[in-house]
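Novice: could you work out the structure for the sequence below:
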Amino acid sequence: MLIAITLLPVIDWLTLSIDWIQAHRTLAWILFIVAYTIATVFVIPVSIFSLAAGFVFSVPIGVLLVSAGSILGASAAFFVGRFFARDWAAKRIENLPRFRALDQATRHRGFLMVFLARLSPLFPFNLINYGLALTSVRFRDYFFASWIGMLPVTILYVYVGSTARDLTKMTSGNVQSGMAGQILLFIGLAATMFLVIIVSRKATSTLSQHLASESVKQDTLS
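Specialist: Below is the predicted model of the structure:
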């Protein structure tokens, strides 16, 4: 992979892509959202899309596009898992006890559980879309909790992607920001990562407590 990146004119391709996007903004935005949605439904890792959004688009536009693509993809996967592929989804999570506890927890605190699950790395993004489809959570709670809960990581990935673009500009001489600009860039990145890590840890701790409580209840009932 690294050899291919080194040998192939990746920077030239990216430059041409950015030029095309600048000339066809609306179409590029639509294509990006559609691609992100399809990738989510087919359980294709989408982190590269989020990074690319930061590199190709500005941070605000990138966040909006990734947010739109992720919630549309998550919603589509939810409906596929709930109505068309229940058996397939059930097999993917049958050996994961956390999902059984999450199922019980969403019966009483649907919005909160989905929100915490989105903030926490305990559940992979693509897998949890289908896992939650098998629970009794209402789609309204799933939609809004997912949308809000995915924002911190969305901002982080897009920001990381944007730093690559900014550093490329700096090293090529297109931006005369000097050492101060680079320092501010890395300070912003470090602050964003720190905040996301803190939020993620807190969410994981709270979610784990809820899931442990539900597991105890299940063991007591059985």
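Novice: only C-alpha atoms from now on, for both contacts and neighbour counts.
Specialist: Will do.
Novice: what mean pLDDT would you report for stretch 72-88?
Specialist: Taken as a whole, stretch 72-88 has a mean pLDDT of 93.
Novice: how far away from the center of its chain is it?
Specialist: With CA atoms, centre = their mean, to the nearest Å as the basis, stretch 72-88 stands 17 Å off its chain's centre.
Novice: where exactly do the helices run in the protein?
Specialist: With DSSP state H as the criterion, the chain has helices at 2-7, 10-23, 25-41, 47-56, 59-83, 86-93, 97-106, 110-119, 125-133, 139-172, 178-221.
Novice: can you give me the buried ones in the third one?
Specialist: For helix 25-41, the buried set under the neighbour-count rule, 16 or more other CA atoms under 10 Å, comprises 28, 29, 32, 33, 34, 36, 37, 38, 39, 40, 41.
Novice: helices and strands around that helix, which ones?
Specialist: Packed against helix 25-41 by the contact rule (3 or more CA pairs under 8 Å, 6 or more residues apart in numbering; DSSP states H and E) you find helix 59-83.
Novice: and the angle from the helix it packs on to helix 125-133?
Specialist: Helix 59-83 and helix 125-133 are oriented at 40 degrees to each other (axes from the mean of the first three to the mean of the last three CA atoms, to 10 degrees).
Novice: now do helix 59-83: distance to the chain's middle.
Specialist: For helix 59-83, the distance to the chain centre is 9 Å (CA atoms, centre = their mean).
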